[in-house]
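Novice: here is a sequence together with a model predicted from it:
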Amino acid sequence: MFIITITWTDHRLQTPMYFFLSSFSFCEFCFITTIIPKLLSIFLLGQQTINFTSCLTQAFSFLFLGSTIFFLMTVMSLDRYLVICKPLHYPTIMNLRVCFLLDFFCYTVSSIIITGLILKVSQLSFCGPRVIPQFFCDLGPLIHLSCSDTRSIETMAFALISFILFTSLIITIIAYSNIMFTIMRLPSAKERQKAFSTCSSHLIVLSLMYGSCVFIYVKPKQASRLDSNREAALVNTVLTPLLNPVIYTLRNKQVHQALRDVLSRVKMQK
């Protein structure tokens with residue numbers, strides 16, 4: 001919320017890079033809201049039950065927002081590619097209209113993919129065990145509880161989630177390969193350091209997110225790894241969203257300056 005507020009109140013941060021960062025922050029804010037309240041009620045109040053409709057709603061929200069975050073990260077990679085590799089064309093390519101269209105595309109594609117997947121899960125029969133070995137309604141543990149034949153839905157889930165992860169990852173790798181190649185050709189060490197510093201925080205966040213998600217979801221057989229998934233899911237749903245705002249603002253001089261300006265205005269008002 002701090003990133004969103006400071007982006008929209010400081011005119012110097014109203015650029016495509018910070019537009020996508022604020023959209024990413026909003027999506028992460030909604031993402032943790034689907035997980036953390038229930039997690040706290042489990043730990044603090046011992047409320048370890050959830051009805052089927054709420055469980056499906058949580059699964060949809062988690063997967064929809066998670067997919068959107070990955071698509072937004074891909075768009076942010078393309079934005080960094082354009083600003084470093086195509087600096088003269090960047091202002092005309094990445095205008096406000098294009099930013100809104102790309103943002104809309106991320107949410108729409110995620111919604112279509114995940115809605116179809118959750119509708120298929122909702123048609124399964126659940127007549128056996130009702131204990132989910134996870135602290136939220138994740139897709140793998142939920143499918144594993146069904147007494148229906150789940151081979152088709154498991155294949156579908158594996159294919160769709162692999163498509164989301166690897167499509168975004170491949171585009172990101174291509175973008176950053178070009179970025180690195182361009183950075184290495186810069187004449188001065190100072191220019192190379194400045195260009196790399198604009199991408200380093202993004203690369204750290206990408207490593208955290210892709211590492212945990214690939215470990216959790218890109219496995220054809222979910223049942224044998226449910227226990228080990230809990231630790232990776234904790235990283236994905238709690239630790240990474242906690243670290244992301246810090247990573248994005250810690251080395252960002254523009255955000256530091258905007259924060260100093262806000263604090264100085266508050267002091268002057270007092």
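Specialist: That came through, no problem.

Novice: ok, Val131 - contacts?
Specialist: Val131 is in contact with Leu145, counting by C-beta atoms under 8 Å, 6 or more residues apart in numbering. Quick note: C-beta positions are derived from backbone N, CA and C, even for glycine.

Novice: could you say which helix or strand contains it?
Specialist: Using DSSP states H and E, Val131 is not contained in any helix or strand.

Novice: for it, give its distance to Ser61.
Specialist: Remark: distance between Val131 and Ser61 (C-beta to C-beta, to the nearest Å) = 22 Å.

Novice: and Cys213, what is it in contact with?
Specialist: By C-beta under 8 Å, 6+ apart, the residues touching Cys213 are Gly66, Phe70, Leu165, Asn236.

Novice: nearest to His202, of these?
Specialist: Phe70 (13.0 Å; C-beta to C-beta).

Novice: pretty sure the closest one is touching Ser162, no?
Specialist: No - using C-beta atoms under 8 Å, Phe70 makes no contact with Ser162, being 11.8 Å away.

Novice: what about the two, which has more around it?
Specialist: Legend: neighbour count by other C-beta atoms under 10 Å for Phe70 and Ser162, higher for Phe70 (22 against 15).

Novice: what sits closest to the more buried one if chain neighbours are left out?
Specialist: Nearest non-adjacent residue to Phe70, counting by C-beta to C-beta, 6 or more residues apart in numbering: Ser168, 4.6 Å away.

Novice: state the helix or strand in which that neighbour lies.
Specialist: Assessed by DSSP H and E, Ser168 sits inside helix 151-184.

Novice: what sits against Met1?
Specialist: Ser25, Phe29.

Novice: distance of it relative to Ser22?
Specialist: Distance from Met1 to Ser22, counting by C-beta to C-beta: 10 Å.

Novice: what's the answer for Met73, then?
Specialist: 14 Å.

Novice: what residues are up against Lys86?
Specialist: Ile93.

Novice: dihedrals phi and psi, it?
Specialist: Per-residue torsions, Lys86: phi -130, psi 60 (degrees, to the nearest 10).

Novice: what's the pLDDT at it?
Specialist: Listed pLDDT for Lys86 reads 87.
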